[in-house]
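Enquirer: Return a 3D structure for these sequence lines:
(chains A and B, ligands or ions: 2)
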Amino acid sequence: MATVTNTSNGTYKVVGTRPLRPDGVDKVTGRAKYGADYSLPGMLHGKVLRSPHAHARIKAINVEKALKLAGVKAIVTGRDLPEGENKSVPLGEMSVNPRHLGHNILARDKVLYQGHAVAAVAAVTPYIAEQALELIEVEYEVLPPVMTVDEAMASTAPILDPELRNEELGDQPTNIAKHTQLKRGDIEAGFKSAEIVIEREFRTAMVHQGYIEPHNALATYGSDGRGTIYCSTQGPFEVRGMSAAVLGISPGSIKVVPAEIGGGFGGKTTVYLEPLALLLAMKTGRPVKMVMTRAEVLRASGPTSGSHIKVKMGCTRQGTITAAHVWLAYEAGAFPGSPVAAAAMTVLAPYAIPNVLIDAYDVLVNRPKTAAYRAPGATNAAFAAESVVDELAERCGLDPLDFRILNGSHEGTPHPAGPPYKRIGFIETCEAIKNSAHYKSPLKGANRGRGVASGFWFNAGMQSVAMVHVHADGTASVVTGSPDIGGSRASCAMIAAEVLGVDVDQVRPMVTDTDAIGHTDVTGGSRVTFATGMAVFQAAEDVVRQLKERAAKLFECKPDEVEFRAGTFAAKSNPSTSITIKDLAKRLPRTGGPVTGRAAVNARGVGPAFATACIDVEVDPETGKVEILRCTIAQDAGKAIHPSYVEGQMQGGTAQGVGWALNEEYVYDSQGRLLNSGLLDYRMPTCPDLPMMEPIIVEVPNPGHPLGVRGVGEVSIVPPPAAIANAIYRAVGIRMTELPMSPPRLLKAILARRAEDRTSPAAAARA
Amino acid sequence: MAKTRIEATINGEPVEFLCEPRQSLLEVLRDVLNLTGTKEGCLTGDCGACSVILNGRLVCSCLVLGLEVAGATVETVEGLAAGTELVPLQQAFLQQAALQCGICTPGFLVAAKALLDSNPNPSETEIRYALAGNLCRCTGYDKIVRAVMDAAALMRQGQGRASSPMQGREA
Ligand code: FES
Ligand code: FES
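Expert: Ligands and ions are numbered 1, 2, ... in the order given. Predicted coordinates for the structure are as follows:
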């Protein structure tokens, strides 16, 4: 079980305990309603026709035959969507390009990846809708596909978007949507003062978030001009804003009701089916339900970028890193917007390096438009940087954790992309691993190795609203707009219970729709327990403030003469005059009416997250298969509100990192057709693939949060690929530079090494 | 398409429904019988979200035709609890925090029940292999495996259905 390394001194009654989650019973009995579980009377079923080509011009679409099929009620194509503006517009704290978004929902002139939506049908049954798809005639002019960043960046590359320009190239068409550069110090001088310099090149494959629940949407539209969308999403307000932008209607005319959500990991922060279902509902006047198949999820929802990365890093013989140059090119997919800028800002974030140059390229390729995936951009980059860090440590003869501690970022270290860090816990995560039973244990046996690696993620603040209602029986409800994917209702209820001084089972949390609460940004960026939790904290404090006024009336004193402790109000002058929240709640009608606490925050004070992983592997030299023997991950949570769900995030992120490291990848043929669009071939870790995952929760409180919370949802995915690469190196002496390190790829490297050993005396001597 | 009238026993109750030849058992459960606790993750037998027990055997309901269950008994997640009383597996999943998003949970509970029905004292490895057909993307499986171990222990101690309600118990 987990250890908690606690450096905070707060004493809490509820925070830090492990109550049962409030939505748990519904989820173990099958009662919880996810998006696909909704249905409405008179409902139609929608299906999407998708491009068989990776890159083609649409010359004509003929829907006549399909429309004649009995039971077909409506068909829409790209021409049914207004052409959005080709510029970035703000949406909450995100921004979207309405034209690109619209073209991804339904292609207009070109299809840009296999699976790109071309038309959508609503019919009385899903079977008829599917039949109708076969009757739609699309004439394509097939174009050569551009599948990798290297191909796309070549000057002779076919151009995906003839209108795309970037500042550096002036009026020249390009597939490079953006070049970002970060600089600090004097990179040349930095490398001159280095005594050891390592330069390596890495490639990583496109991977999918792999949530088990496919995308879904059920939309209704009334003659009052108001639409409702029920769907599984991380961001109901984003669904509302984006759907409105795509359809050219006002966001206020749409209500989004967030269903339970079956995983997202960033992939459910945008829209695919939602505007289509609403458009079809507008056309037919009937509810329309759409659910993706797994193949559609893999082909057409946003995975995260494959990448090509070069890292050059230098250090002194004593191990001080003096300079680093990182070059990153990330697949954006069909439209601009890979997480490469985030990659640039995270790649060196764990270290204090005086001289830094980072070049980052966002590159269009004929693959689905990428979407966020847990610490977007950071994992690819950390695989590269942390492999090089490991090599430098080895060359210096230092323990890889000592090397990290020596160079580690701490309070005051300038972050590559911003102001100096406040209190952070990077070094503490390295020390936690160093002191762990795992790291101290010997690892014996042939073809076995232990690797460590670290990772960084910003975490996000952004906007949240919370309400706390006090009921007549003294219970309270906590209402937020943050969909709960991994236990955040539990943490919100616990925070309210802590402030109100009541037991957590006296607080009932709920997630409501976009009409019932103020703007709340996406469940993402590890922000819910931090930012929505901050709103809940303040809303509960607002309740306490109001209740003090009521108590003052009863005590016949001033509100500031009322003291509140452990759920009881007392008059300071006469502590024997006291009343519990429960009793006071009964008296509300006669002391001024109901009490509701409110808070709306634009949360500042985000605390960055760091994690360090230690992973033991055994390599089968005959097959190239890597077995994970043992895995420990230390992560700075700031303060763990509900440690079980903090551990859950750490374990789940680590598991995804293991999948990314060893098996997961999009495999395309030369025509840009995805060859592994099912879960048998898109190989995610299964239960027998993994050992128990040992989480070490490190608590270095975030000074920017009333309870010290940082946010824990993402960073644990970052270290595993590099940690596993470093472990493989120690097991078999091979530095893998390409993800996934799948059996065929590793076996090839092992066989190449053997062939080299046979022919080269130097290599033989090394062996 | 012509529909066939099927009689089966689902969660202990006799049930009749009309079914098209192309409809899977998963579709019948979710769309015809409104038993939406059984989930769809892939429709190709690769995720286990649709797991049910058919005549005592664990199956992917997306790979079984509705017509095939004529005269059969089917157990789904909705049939696990006895009334409002959770069974040890359900309790253990809550206590171990073995679910995050929960979409895989019905499938895991059903697959774990199938395991414990035949092997009341499984090792960690046996549990991991018995659950190999169920994907969970949130948890890394650690807490799921622990929950199944705990449930097995609870059941061996015969604490099954007699245990107290869940309120306020520590996870
Ligand atoms: S839905 Fe049946 S196995 Fe995935
Ligand atoms: S809890 Fe989300 S897939 Fe298992």
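Enquirer: Can you check which helix is longest in chain A?
Expert: In chain A, ranked by residue count with DSSP state H as the criterion, the top helix is helix A:533-555.
Enquirer: elements contacting that helix?
Expert: Contacts of helix A:533-555 with other secondary structure elements, assessed using 3 or more CB pairs under 8 Å, 6 or more residues apart in numbering or on different chains; DSSP states H and E, are made with strand A:462-470, strand A:476-480, helix A:488-500, strand A:562-565, strand A:568-571, helix A:581-586, strand A:596-603. C-beta coordinates here come from the backbone N, C-alpha and C atoms, glycine included.
Enquirer: try 6 Å
Expert: Other helices and strands packing on helix A:533-555, by 3 or more CB pairs under 6 Å, 6 or more residues apart in numbering or on different chains; DSSP states H and E, are strand A:462-470, helix A:488-500, strand A:562-565, strand A:596-603.
Enquirer: quick one: the residue sitting nearest the centre point of chain B and ligand 2, what's the gap?
Expert: For chain B, the residue whose C-alpha lies nearest the mean C-alpha position (CA atoms, centre = their mean) is residue B:110; its distance is 2.2 Å. Between residue B:110 and ligand 2 the distance is 14 Å, computed by CB to the nearest ligand atom, to the nearest Å.
Enquirer: who's in contact with residue 141?
Expert: Since no chain was named, I'll use chain A. With contacts defined as CB atoms under 6 Å, 6 or more residues apart in numbering or on different chains, residue A:141 is in contact with A:57, A:59.
Enquirer: look at chain B instead
Expert: When contacts are counted by CB under 6 Å, 6+ apart, residue B:141 touches A:687, A:690.
Enquirer: Next one, pLDDT for the closest residue to residue A:744 other than its chain neighbours please.
Expert: Nearest in space to residue A:744, with sequence neighbours left out and distances taken as CB to CB, 6 or more residues apart in numbering or on different chains, is residue A:624 at 6.4 Å. Predicted confidence (pLDDT) for residue A:624: 98.
Enquirer: SS state for residue A:624?
Expert: coil (DSSP: H, G, I helix; E, B strand; the rest coil).
Enquirer: mind checking which helix or strand residue 152 is in?
Expert: Since no chain was named, I'll use chain A. Per DSSP states H and E: residue A:152 is located in helix A:149-153.
Enquirer: my bad, the chain I had in mind was chain B
Expert: Residue B:152 is part of helix B:142-156, with elements assigned from DSSP H and E.
Enquirer: same check, this time on residue A:651
Expert: Secondary structure (DSSP H and E) places residue A:651 in helix A:643-662.
Enquirer: Please find the angle between the direction vectors of that helix and helix B:142-156.
Expert: Between the axis of helix A:643-662 and that of helix B:142-156 there is an angle of 120 degrees, by axes from the mean of the first three to the mean of the last three CA atoms, to 10 degrees.
Enquirer: so where do the strands sit in chain B?
Expert: Listed in chain order, the strands of chain B (DSSP state E) span B:4-10, B:13-19, B:51-54, B:57-60, B:73-75.
Enquirer: pLDDT weak spots in chain A?
Expert: A:1-10, A:92-93, A:416, A:761-767 (pLDDT under 70).
Enquirer: Go again with 90.
Expert: A:1-11, A:88-95, A:167-170, A:414-419, A:486, A:525, A:574-576, A:757-767 (pLDDT under 90).
Enquirer: Counting neighbours, which bits of the helix holding residue B:152 end up buried?
Expert: Using 16 or more other CB atoms under 10 Å in any protein chain shown as the test for burial, helix B:142-156 gives B:142-152, B:154-155.
Enquirer: Tell me the helices and strands packed up against it.
Expert: Secondary-structure packing of helix B:142-156 (3+ CB pairs under 6 Å, 6+ apart): helix B:88-95, helix B:105-118.
Enquirer: Is any residue of the longest one near ligand 1?
Expert: Read it as helix B:105-118. No: contact between helix B:105-118 and ligand 1 is absent, the nearest approach being 7.8 Å (criterion: CB under 6 Å from any ligand atom).
Enquirer: Find the nearest non-adjacent residue to residue A:655, please.
Expert: Closest residue in space to residue A:655, ignoring its immediate chain neighbours: residue B:140 at 3.4 Å, by CB to CB, 6+ apart.
Enquirer: So which residues make contact with the longest helix of chain A?
Expert: In this structure, residues lying in contact with helix A:533-555 by CB under 6 Å, 6+ apart are A:464-468, A:470, A:478, A:492, A:495-496, A:499-500, A:558-559, A:562, A:564, A:569, A:571, A:577, A:579, A:584, A:591, A:595, A:597-599, A:601, A:603, A:706, A:709.
Enquirer: which one is residue A:682 nearest to, not counting chain neighbours?
Expert: residue A:676 (4.9 Å).
Enquirer: so what's the residue in chain B positioned nearest to chain A up against?
Expert: For chain B and chain A, the shortest gap (CB to the nearest CB) falls at residue B:37, measuring 1.9 Å. Residue B:37 makes contacts with A:30, B:77, B:78, B:106, as judged by CB under 6 Å, 6+ apart.
Enquirer: again with residue A:302
Expert: With CB under 6 Å, 6+ apart as the criterion, the residues that contact residue A:302 are A:368, A:369, A:370, A:371.
Enquirer: Any idea how far apart the tips of stretch A:677-691 sit?
Expert: Stretch A:677-691 has an end-to-end distance of 27 Å (criterion: CA to CA, to the nearest Å).
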